[in-house]
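# Requesting a structural model of the entry that follows:
(chains A, B, C and D)
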There are 2 protein chains.
Amino acid sequence: MVETTRRREIEDVASELFREHGYSGTSVRDIARALDIQGASLYAHVASKQDVLWSIVDRTASQFEAAADAALADLGDAEPMARLRALALAHVGVVVEDIGRASVFIHEWRSLSPERRARTLTRRDAYEQRFRDVIREGIVAGTFAPIDPTVAAAYLLTALNGLVAWYQPDGRLGPSSVTDAYVELSIRAVSGAAADEAS
Amino acid sequence: MVETTRRREIEDVASELFREHGYSGTSVRDIARALDIQGASLYAHVASKQDVLWSIVDRTASQFEAAADAALADLGDAEPMARLRALALAHVGVVVEDIGRASVFIHEWRSLSPERRARTLTRRDAYEQRFRDVIREGIVAGTFAPIDPTVAAAYLLTALNGLVAWYQPDGRLGPSSVTDAYVELSIRAVSGAAADEAS
DNA sequence: CCTACCGATCGGTAGG
DNA sequence: CCTACCGATCGGTAGG
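Model prediction:
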């Protein structure tokens, strides 16, 4: 199963390059150079550059979905706040665990072929729907502030995704402290009464 | 002053294309085509493709700075919450006002030449410092939850910047309702005691 | 995984 | 703002 390993190596290297320079800004030869092989040799392992992007995006989408599934499976019918907390924690966990792939999934979907882009956006919408649903339930329950669940979910997810813009795995802040802070900020953002409605 | 107008047109068109396809994914001929001129004709108005990106980024950076200055000028020594609210409102205002340029400023700085990228990151850090400062003051004053100001500022700014990922000027939601919701979510995210420390 | 190579497109220049 | 053109690089193929 050497091919699978090599394929993963290619995707690892490509993720980092796509993250840093974008899909368009990364050439097939850039990827090959990072692997110490010739540009054309890459085609012994992949069908196309687009194929590499698709593998990264598709696999990472599955990771986000699986993490959300696992997070909610434990909770069942727990309170909305506990479930939103679990969703946020699962999301940040995937981001922190593989920031290169997460970054590509989040930012490079525009470079997918039209059909794949459409499929990916549909999956992302379904994923985001989980956030919208739990936020809506929390509002009904009175736990969360009365705010448009679509706006709130978009806000939270882009905030959590923003981690890829600055987080460094070997930086000053450890993964758990950043994760905790991000979850805490997110929960508080939607909690309680509106901050400017003190009356 | 025809040149200035034409120059602006070029930057307007380029902003939209850079936003949609990235700097690397947009060719000089793409920009020219959108203006109904030949690719080479663009060089009668600009020195290089990089030059266009730089103009957009530089001008937009100034807009964010000016908006923050104006927002704080009115307030002087008001409470941290009022000042953070003003900063957030100013920031979202610039984003909503010209989402194309804002998106390029936020995402395409990686494509700047090394020197310009460094200068831009320095400016961004100074801008973000205003958020860190007011958050820190709010924590000291007891208005905001005790959280790392650097993490909180990064969270808030990426959340606000996330608007460019989904907001459509002619969409279902008007600019003021989205702006208000974003400011409200941001203020609440940092306000009060930690959500999970009820004791 | 390599060498040799392909047509297409890239950013940019010359000269008007 | 145009035509004509440049060298470099692009993603990808052929054949081993």
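
# moving C-terminal of the longest helix along chain A, what's the next helix or strand?
What stands out as the longest helix in chain A, according to DSSP state H, is helix A:114-141. Next along the chain after helix A:114-141, taking DSSP states H and E as the criterion, comes helix A:149-161.

# Output the contacting helices and strands for that following helix.
When contacts are defined as 3 or more Cβ pairs under 8 Å, 6 or more residues apart in numbering or on different chains; DSSP states H and E, helix A:149-161 sits against helix A:80-97, helix A:114-141, helix A:175-190, helix B:149-161, helix B:175-190. Where C-beta positions appear, they are placed from N, C-alpha and C, glycine not excepted.

# Can you pull the residues of chain A lying near DNA strand D?
Residues of chain A lying close to DNA strand D (Cβ under 7 Å from any atom of the strand) are A:26-30, A:39-40, A:43-44, A:47-50.

# same thing but at 10 Å, please
When proximity is defined as Cβ under 10 Å from any atom of the strand, chain A approaches DNA strand D at A:21, A:23-33, A:38-44, A:46-53.

# Return a PyMOL selection command for the buried portion of these.
For the buried members of the residues of chain A next to DNA strand D, the matching PyMOL selection, counting by 16 or more other Cβ atoms under 10 Å in any protein chain shown, is:
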select buried, chain A and resi 21+23+24+25+26+28+30+31+32+42+46+49+52+53
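
# Wasn't A:Gly171 part of a strand?
No: under DSSP: H, G, I helix; E, B strand; the rest coil, A:Gly171 sits outside any strand and is assigned coil.

# Distance of it relative to B:Val151?
Applying Cβ to Cβ, to the nearest Å, the value for A:Gly171 to B:Val151 is 11 Å.

# Just want to know which of these two has more residues nearby.
Legend: neighbour count by other Cβ atoms under 10 Å in any protein chain shown for A:Gly171 and B:Val151, higher for B:Val151 (22 against 10).

# check contacts around the residue nearest the centre of chain A.
With distances taken as Cα atoms, centre = their mean, A:Ala102 lies nearest the centre of chain A, 4.7 Å away. Shown in contact with A:Ala102 (Cβ atoms under 8 Å, 6 or more residues apart in numbering or on different chains): A:60, A:94-95, A:161, A:164.

# change it to 6 Å
By Cβ atoms under 6 Å, 6 or more residues apart in numbering or on different chains, A:Ala102 lies in contact with A:95, A:164.
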